[in-house]
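>>> Below is the sequence, then the predicted model.
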Amino acid sequence: MTFIELHQVAKVIKHRQLLHQVNAKIDRGNIATLEGINGSGKTLILKALLGLISVTGNVTVAGKTVRTQDAYPIKAGILIENPSLIEDFTAAKNLELLARLDPNIQSSQIQDLLTYFDLARFPKQKVRKFSLGMKQKLGIAEAFLGGYPLIVLDEPTNALDHDAIGKLVQLIHDYHAKGATFIIASHDHDFVEEVATQKLLVKEGTISDAH
Ligand SMILES: Nc1ncnc2c1ncn2[C@@H]1O[C@H](COP(=O)(O)OP(=O)(O)OP(=O)(O)O)[C@@H](O)[C@H]1O
């Protein structure tokens, strides 16, 4: 069953056509990957399907048209561009802040994710002092925290070491087994091969199926 559909999606910014007639269908329960070189349009496509930018054409998620004017067009776990972290807070406090927006999130989930990503060892350290990889792991933890049916990750392996990538792959498989649908933009081909159930290629602002 189609969960997400982009139909003739296009975007022009400052007279540059950045997305051209993007068409794609992603079924519920897939781990869909968007592969493409830097600047090909992966992040813009993710933003379009989340309703974070306005586009022409049509985007539907679970049968509903996505509109940018809605405050939270789609309930999803999101890691997009640099993780949106509060530098003056600890890792736990960043996750607690997010958890306040959703009463379904329990504090045990926060601790489990921090322990899983080896961040529980720094309970007092502010994010400002974190390494890039630690920030990335915390951003990933934020995306998984709500256990949402849709999880969107933009370049999740950035700055991660080999072990952390292994943990990320495992977590994706665990949440996928529980029913989550993923959309993941990545130029890390080995990682894509490990997780993808549907591979899409992004090239010069448009999507094609990868074979
Ligand atoms: N707000 C904006 N204003 C102008 N141009 C933009 C804007 N956002 C993106 N672009 C341009 O759109 C193109 C696609 O950008 P996008 O961020 O989607 O690429 P990407 O495939 O995610 O690249 P990367 O792998 O480097 O993250 C790039 O040429 C970029 O310069």
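That came through, no problem.
>>> For the rest of this, base every contact and every neighbour count on C-alpha atoms.
Will do.
>>> ranges for the helices of the protein?
In the chain, the segments counted as helices under DSSP state H are 42-50, 91-99, 107-116, 132-145, 162-177, 189-195.
>>> Now tabulate the ones you listed in JSON lines and tack on distance to residue 208.
Putting those into JSON lines (distance: least, CA to CA, whole Å) gives the following:
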{"stretch": "helix 42-50", "distance to residue 208": "12"}
{"stretch": "helix 91-99", "distance to residue 208": "35"}
{"stretch": "helix 107-116", "distance to residue 208": "35"}
{"stretch": "helix 132-145", "distance to residue 208": "26"}
{"stretch": "helix 162-177", "distance to residue 208": "23"}
{"stretch": "helix 189-195", "distance to residue 208": "16"}
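>>> Looking at these, which is nearest to the ligand?
helix 42-50 (3.7 Å; CA to the nearest ligand atom).
>>> what distance separates the closest one from the centre of its chain?
Chain-centre distance of helix 42-50: 10 Å, with CA atoms, centre = their mean, to the nearest Å.
>>> Could you do stretch 10-21 as well?
Using CA atoms, centre = their mean, the offset of stretch 10-21 from its chain centre is 22 Å.
>>> Any part of it near the ligand?
Yes. Contact of stretch 10-21 with the ligand (CA under 6 Å from any ligand atom) involves 13, 18.
>>> Good, wrapping up.
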